[in-house]
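Just the structure for this:
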Amino acid sequence: MNEIIFIVEDAPEGGYSARALGESIFTEADDIKSLHEKVRDAVGCHFDQESAPKIIRLHFTREEVIAV
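Numbering: from 1, shown residues only. So this is what the prediction gives:
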């Protein structure tokens, strides 16, 4: 695996939640810097060194509601 993608969303209680596409990896953090650290740690725990992805991509999404 060369790359892994995480979908990052604003957490309802504040901060961020991130889940990997195609893998059972989920983590949460209060700020972006902590999120980077926690995502790296989660990926390192999930894969052994030989099969770990070389690139971690974070895709930020944000939901907005518009009243009509």
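
next structured bit after the longest strand out of those in the chain?
Identified as the longest strand of the chain according to DSSP state E is strand 3-10. Using DSSP states H and E, the helix or strand that directly follows strand 3-10 along the chain is strand 16-20.

now the strands for this protein?
Counting by DSSP E, the strands of the chain are 3-10, 16-20, 26-29, 55-60.

and the second one, which residues are buried?
Same thing as strand 16-20. Judged by neighbour count (16 or more other C-beta atoms under 10 Å), strand 16-20 contains these buried residues: 16-18, 20. The way it works is simple: take the backbone N, C-alpha and C, and place the C-beta from them, glycine included.

Next: the shortest one.
Neighbour counts over strand 26-29 (16+ other C-beta under 10 Å) mark 27, 29 as buried.

Which secondary structure elements does that strand sit against?
In terms of contacts (3 or more C-beta pairs under 8 Å, 6 or more residues apart in numbering; DSSP states H and E), strand 26-29 is packed against strand 16-20, helix 32-46.

do that again at 10 Å, thanks
strand 3-10, strand 16-20, helix 32-46 (3 or more C-beta pairs under 10 Å, 6 or more residues apart in numbering; DSSP states H and E).

Run through this protein and note the low-pLDDT ranges.
Scanning the chain for pLDDT under 70 picks out 1.

what are the bridge partners for the spatially most central residue of it, then?
The residue lying closest to the centre of the chain (C-alpha atoms, centre = their mean) is A18, at 3.2 Å. With DSSP bridges as the criterion, A18 is bridged to V8, T27.
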